[in-house]
Every structure is written in C-alpha cells, then in structure tokens.
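**Q** mind looking at a prediction? Sequence and model below.
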Amino acid sequence: MKNSVILSGNANPELVKETAKKCGARLGKVHIEKFPDLETYARIDEPVAGKKVFIVQPTCTPANEHLVELLLIADATRRAGARKIIAVVPYYGYARQDRKVKEGEPVSAQLFAGLLRKAGVNEFIAMDLHSRAVETFLKPKAHLHALPVIAGYFKSKKIRDLVVVAPDKGALKNVKMQAKALGAKIAAISKKRISGSQVVAEKIEGDIKGKNCVIIDDIISTAGTMCEAVRMLKSNGAANVYVAATHGVLAGKAIERLKAAPVKEAIITNTIPQAEHKKALKKLRVLSVAPVLAEAIKKMA
Ligand code: R5P
C-alpha cells in the first residue's frame, strides 16, 4: 500500500476505518462541510499526486448526499494529480433504477455510473450489485460477494435441516450458490410487486415443511419481500426462519415489519451503517465485509 491512499466521505466511517486497518493503511484526510445554502464543500488534505487512490464510499441513504460527496472527492483527487482513482462502492445506491419500466423514466444507475467516470473514477470495486445491467454500467474491476461471509456465519451455527430460500426469481442465482456453499437444499418463492413497499408471495416450490429456512436476497429495503416470504414459509409449516441479505437498506417500515414477523434472526452486512438499526431491532445480526474489501484493495494497490 506504499503508493496508495485510502480516502472516504461520510457515508460509512466505521466500515472505512476497519477496512483501512485491515489494509495496514492510514486513512487520508478529507474535509467535508456544508455551505449555508446546503451545498456540499469537499477538500482533500492529503498528497495524492502520482498515487493510486481508493475512495471507499457506499452511496447509501441519504443517497444524493453520499453520491455528491463521492463525485466531489473523485474530482478533487483527479485535479490533484492522482495516478489512478478506484471507487470502492460496497453498496451502490440507485442500483434498482437500472432500466426504463415506463416511458419518460431515466436510467439512474447508468447515469450516475457515467457521472462518476466523468469525475475521474477509473475503476470500481463493488459488492453484490443488484443486477447484470448495473454490472454492465459500472464494469467493476472486482465484483465482490458477501456470500462467503454469510455462509460462514450459518456454517458456524450448525443448523440442521437447512433449506436456502429465494424470495423471488432475481435471488435464485445467489441462493443456488449459497445452498452449494452450505450443502443445503433450495426452495423458491414467486412474488408479485404491488408497489414500492408492497409485495405478495404467490407460490412456493421446494420442500420446507419442518425445515429450518434461510431466505437470501441482495437487499432488504422495506422488508416487504422478506416478510411476505416468511409468512408464506411459516404458513406452509417451516420451522425456524432466518432472513439474510448483503445490503440492509431497512427503509420505511422495515424495522417494524421485521420486529413483527416470526423471524428467528435477520442477518445483514455493514455495507451500509447499521448502528441505529441494531439498536432498534434486537434480532439483527450485522456481519462485517471489511476483510473482503481489504483483500480486494490490497490486490489492486
Ligand atoms: C428486488 O429485486 C431486490 O432484489 C429485493 O428483493 C428488493 O429490493 C427488496 O425490497 P423490499 O425489502 O422493499 O421488499
């Protein structure tokens, strides 16, 4: 890491500190403040000329703020003469706006990937991107997965009769990989989305009666998908039900919903800060992806 620098905005300081420590690197100084009119001001107080710079910043809630910070830090870094700029984006906000569904819509995930490149980002390191489309927008040099972290947790629990469940079609690929890693069977639910926060689980395929189930998805946002899947599994005779995802967005009524649902434990990672969610939801278990990020950064440094 001799010729590399790690910088960050305000999105996830704990994760960045842990990642930098695991890289054996010091965190570079970045000054961010708000002007009276609420514009963001950013300045890097770190010599970066001729260096490889890793800017670690998930564009999580508030996505617009964190995205602007990332853009400004990248622009400042480029103007200061960095040799290469790598945006390490453990959670890529706007990823679910990855296609035009209705006439008149933008493709936000593509727009922001382009803007980040324009600001000076040469490469991306990302984690469990929402879709193939987002992958083609970012073209990450390293597309990391939280799968080994989550699988490691479930292995350590030594749960008998474990079935890994996909809460919708999109999750099936990841679920198959997890089931393989855990030596477990799979089941799949088909869901219909009614609105941004409401879904209905329609059908379940696979044997879950009397089994311990872990439902795996990339994102838990309003927890509508997960809680519907839990309800369906329970009403079909599942034993304990766990929910797990890489990105714990936990927006809207997510905490209330997970609290009320018959969920044994909700497992997520720290791609997004979880301190407040953890206080509000006792059955939330947060696993760290810092070792996975640090490994990728060290390889590219
Ligand atoms: C959708 O395709 C995603 O993979 C997740 O299933 C979705 O974002 C979860 O959203 P929510 O928690 O609001 O149901």
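**A** All right, it came through fine.
**Q** what about the helix ranked longest in the chain, near the ligand?
**A** Longest helix in the chain by number of residues, with DSSP state H as the criterion: helix 63-79. No. Helix 63-79 stays clear of the ligand (CB under 6 Å from any ligand atom), getting no nearer than 13.9 Å. (C-beta placed from N, C-alpha, C; glycine too.)
**Q** who touches Lys141 in this structure?
**A** 86, 123-125, 300 (CB atoms under 8 Å, 6 or more residues apart in numbering).
**Q** distance to Pro36 and pLDDT added to the residues you listed, as CSV?
**A** Below are the contacts of Lys141 laid out as CSV (distance: CB to CB, whole Å; pLDDT from 0 to 100):
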residue, distance to Pro36, pLDDT
Ile86, 33, 98
Glu123, 36, 98
Phe124, 34, 98
Ile125, 35, 98
Met300, 39, 96
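**Q** so which of those reach the ligand?
**A** Counting by CB under 6 Å from any ligand atom, no member of those reaches the ligand.
**Q** domain-wise, how is this structure divided?
**A** In terms of domains, the chain is parsed into 4-144+290-300, 147-270 (source: automatic domain parsing).
**Q** how about these in a markdown table, adding distance to Glu276?
**A** A markdown table is the format used below for the domains of the chain (distance: least, CB to CB, whole Å):
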| stretch | distance to Glu276 |
| --- | --- |
| domain 4-144+290-300 | 11 |
| domain 147-270 | 9 |
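**Q** my read: Asn12 touches Glu69, true?
**A** No. Counting by CB atoms under 8 Å, Asn12 does not reach Glu69; the two are 11.3 Å apart.
**Q** what do these two both touch?
**A** Gln57.
**Q** follow-up on the earlier one: rank the domains of the chain by pLDDT, which is bottom?
**A** Among these, domain 147-270 has the lowest mean pLDDT, at a mean of 94.
**Q** chain center to that one, what's the gap?
**A** The gap between where domain 147-270 is centred and where its chain is centred comes out at 16 Å by CA atoms, centre = their mean, to the nearest Å.
**Q** got the residues of the chain near the ligand?
**A** Proximity of the chain to the ligand, by CB under 6 Å from any ligand atom, involves residues 96, 168, 170, 197, 199, 217-225.
**Q** which among those residues gets closest to Cys23?
**A** Among these, Asp218 lies closest to Cys23 (CB to CB), at 25.4 Å.
**Q** which residue packs closest to the closest one, ignoring adjacent ones?
**A** In space, and not counting its chain neighbours, Asp218 is closest to Asp128: 5.1 Å by CB to CB, 6 or more residues apart in numbering.
**Q** can you check Phe137 too?
**A** Ala113 (4.0 Å).
**Q** for that neighbour, grab phi and psi.
**A** phi -60, psi -40 (degrees, to the nearest 10).
**Q** re earlier: elements contacting the longest helix of the chain?
**A** Secondary-structure packing of helix 63-79 (3 or more CB pairs under 8 Å, 6 or more residues apart in numbering; DSSP states H and E): strand 4-8, strand 40-44, strand 52-56, strand 84-89, helix 108-119.
**Q** quick check: the gap between the most far-flung residue of the chain relative to its centre and Asp128.
**A** Distance from the centre of the chain peaks at Pro36, with 31.9 Å (CA atoms, centre = their mean). Applying CB to CB, to the nearest Å, the value for Pro36 to Asp128 is 39 Å.
**Q** and if you look at Leu182?
**A** In this view, Leu182 and Asp128 are 17 Å apart by CB to CB.
**Q** out of these two, which sits in the busier spot?
**A** Asp128 (23 against 18; other CB atoms under 10 Å).
**Q** quick check: phi and psi at the more buried one.
**A** phi 40, psi 70.
**Q** and for the one 4 residues further on?
**A** For Arg132, the backbone dihedrals are phi -60, psi -40 (criterion: degrees, to the nearest 10).
**Q** hmm, back to that, tell me the one of the residues of the chain next to the ligand nearest Lys259?
**A** Ala223 (9.7 Å).
**Q** ok and the residue in the stretch 1-150 of the chain nearest the ligand?
**A** Arg96 (5.9 Å; CB to the nearest ligand atom).
**Q** gap between Val243 and Leu281?
**A** 11 Å.
**Q** hey, what's in contact with both of the two?
**A** Joint contacts of Val243 and Leu281 (CB under 8 Å, 6+ apart) are 258, 266.
**Q** quick check: the residue in the stretch 51-200 of the chain that the ligand sits nearest to vs Lys21, distance?
**A** Using CB to the nearest ligand atom, the single residue of the stretch 51-200 of the chain nearest to the ligand is Gly170, 4.5 Å away. To Lys21, Gly170 is 34 Å away according to CB to CB.
**Q** all good on my end, thank you.
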